[in-house]
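**Student:** whatever this is, show me its structure:
(chains A, B, C and D)
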Number of protein chains: 2
Amino acid sequence: MTPSAAFMDTGHDHDLCMESALDRASALCGERGVRLTPLRRRVLELVWVGHKPLGAYEILDTLKAERQGAAPPTVYRALDFLLQHGLVHRIESLNSFVGCPDPLKPHGGQFLICRSCGLTAELNDHRIDQAIRNSANKAGFTVGRPMIEIEGLCPHCRDAGEGSPG
Amino acid sequence: MTPSAAFMDTGHDHDLCMESALDRASALCGERGVRLTPLRRRVLELVWVGHKPLGAYEILDTLKAERQGAAPPTVYRALDFLLQHGLVHRIESLNSFVGCPDPLKPHGGQFLICRSCGLTAELNDHRIDQAIRNSANKAGFTVGRPMIEIEGLCPHCRDAGEGSPG
DNA sequence: GTTCATAATGTTATAATATAACATTATAGT
DNA sequence: ACTATAATGTTATATTATAACATTATGAAC
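**Tutor:** Residues are numbered from 1 along each chain as shown, chains lettered A, B, ... in the order given. The predicted model follows:
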């Protein structure tokens, strides 16, 4: 799987996808000398259960069934760690979290978010980034983290005619 | 003031800026046959007090001093109306609201947000939009509203050396 | 392997943001 | 004035996130 493989059609082996994400996380933490504890690893796993952003309290619900006394700080602290190391992204428009397929270099995210099924794909298009930097620089603005969240319809939902259900 | 006049330096007449925003709002509502009630107008005014996004509860605090019994729904309903008509934007990364200088045609926002002073400018760069659409289309994704929130440093704070205070 | 400093997690409480549900009042059209 | 609808008032609560302090686990030094 390439990081930019958006909206995988047939043949997306998600078990493999998730396993490799966890392996990458483990390696990255090893290199950085930080600890991917069982709790952090489990939270990362839960985030990677799908390519659909998960809310902190959804994660918490699952954790509660597994550890006695799991509480909001349990999950928020794990998420903070994962965010810091680029292992997950926060989707601001959904107050939710999604796994990052390419945690090595820090980047603001470029996300395609399906309004119908919730499936979310991360882009990393240098030309979008470039267009943003050009425009920002013209305004004298120094770009830190560009955050791009594009609401719309994924190919499957579009083909299924999921215009604006209701 | 042009809509894309980001980070106005000297000579930004904000009273005029705000007044003209309110006039545009009034005209727009008139054309659309919807009512810019005193409450809605007041909330819009408060949002336009500065070019810095305002939280709903900040607005509420001010309203409370002016109307007895102002409560969260008071401000959220006014904001919903203003959002629907493109008169304000929601800044997702700040859970805050900012006036839209160009409410006529609906658009996802492109925002430059200064991490130091909070000043926020709206872009409307067609090339950013185009780059996004190109990239999204390649993934088979139908773009709805692109949301772009760029955290960084405005010219003033950059020149004042506000790197990462602390 | 004990001691110590630090990191991680547990635990309780609460802050900040947002909406639901129903009552009342204002407005526009008749 | 009457009525339908829109807008606002009011109370309660849901959702998301953090503060503050206690406890436990881990790794480094000895």
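**Student:** please settle this for me: is A:Arg158 part of a helix?
**Tutor:** Yes - the assignment for A:Arg158 is a helix, going by DSSP: H, G, I helix; E, B strand; the rest coil.
**Student:** OK, contacts around the closest residue to it other than its chain neighbours?
**Tutor:** Spatial nearest neighbour of A:Arg158, chain neighbours left out: B:Thr142 (5.1 Å); criterion: CB to CB, 6 or more residues apart in numbering or on different chains. To be clear about C-beta, it is placed using only N, CA and C from the backbone, and glycine gets the same treatment. Taking CB atoms under 8 Å, 6 or more residues apart in numbering or on different chains as the criterion, B:Thr142 is in contact with A:Gly152, A:Leu153, A:Arg158, B:Ala136.
**Student:** my read: the third one touches B:Gly140, true?
**Tutor:** Yes - contact criterion CB atoms under 8 Å: A:Arg158 and B:Gly140 qualify, at 7.5 Å.
**Student:** residues contacting A:Pro146?
**Tutor:** With CB under 8 Å, 6+ apart, A:Pro146 has these contacts: A:Gly108, A:Gln110, A:Asp129, A:Ile132, B:Ile148, B:Glu149, B:Ile150, B:Glu151.
**Student:** give me the helices and strands touching the lengthiest helix in chain A, please.
**Tutor:** In chain A, with assignment by DSSP state H, the single longest helix is helix A:14-32. Packing partners of helix A:14-32 (3 or more CB pairs under 8 Å, 6 or more residues apart in numbering or on different chains; DSSP states H and E): helix A:38-47.
**Student:** can you list contacts of the helix it packs on?
**Tutor:** Residues contacting helix A:38-47 (CB under 8 Å, 6+ apart): A:18, A:21-22, A:25-26, A:36, A:54, A:59, A:62-63, A:66-67, A:74-75, A:78-79, A:81-82, A:87-88, A:97-99.
**Student:** phi, psi for A:Val10 please.
**Tutor:** For residue A:10 the amino acid is Thr, not Val. Dihedral pair for A:Thr10: phi -70, psi 160, per degrees, to the nearest 10.
**Student:** count of neighbours near it?
**Tutor:** 4 (other CB atoms under 10 Å in any protein chain shown).
**Student:** circling back to that earlier point, from the contacts of A:Pro146, pick the one nearest A:Gly50.
**Tutor:** A:Gln110 (19.2 Å; CB to CB).
**Student:** for the closest one, give me its contacts.
**Tutor:** Shown in contact with A:Gln110 (CB under 8 Å, 6+ apart): A:Glu122, A:Leu123, A:Asn124, A:Asp125, A:Ile128, A:Asp129, A:Pro146, A:Ile148, A:Ile150, B:Ser135.
**Student:** which strand residues bridge the closest residue to the second one other than its chain neighbours?
**Tutor:** Once its chain neighbours are removed from consideration, A:Leu123 has its nearest residue in A:Gln110; the separation is 4.0 Å (CB to CB, 6+ apart). Counting by DSSP bridges, A:Gln110 forms beta bridges with A:Leu123, A:Ile148.
**Student:** distance of A:Gln110 from A:Gly33?
**Tutor:** Counting by CB to CB, to the nearest Å, the separation of A:Gln110 from A:Gly33 is 29 Å.
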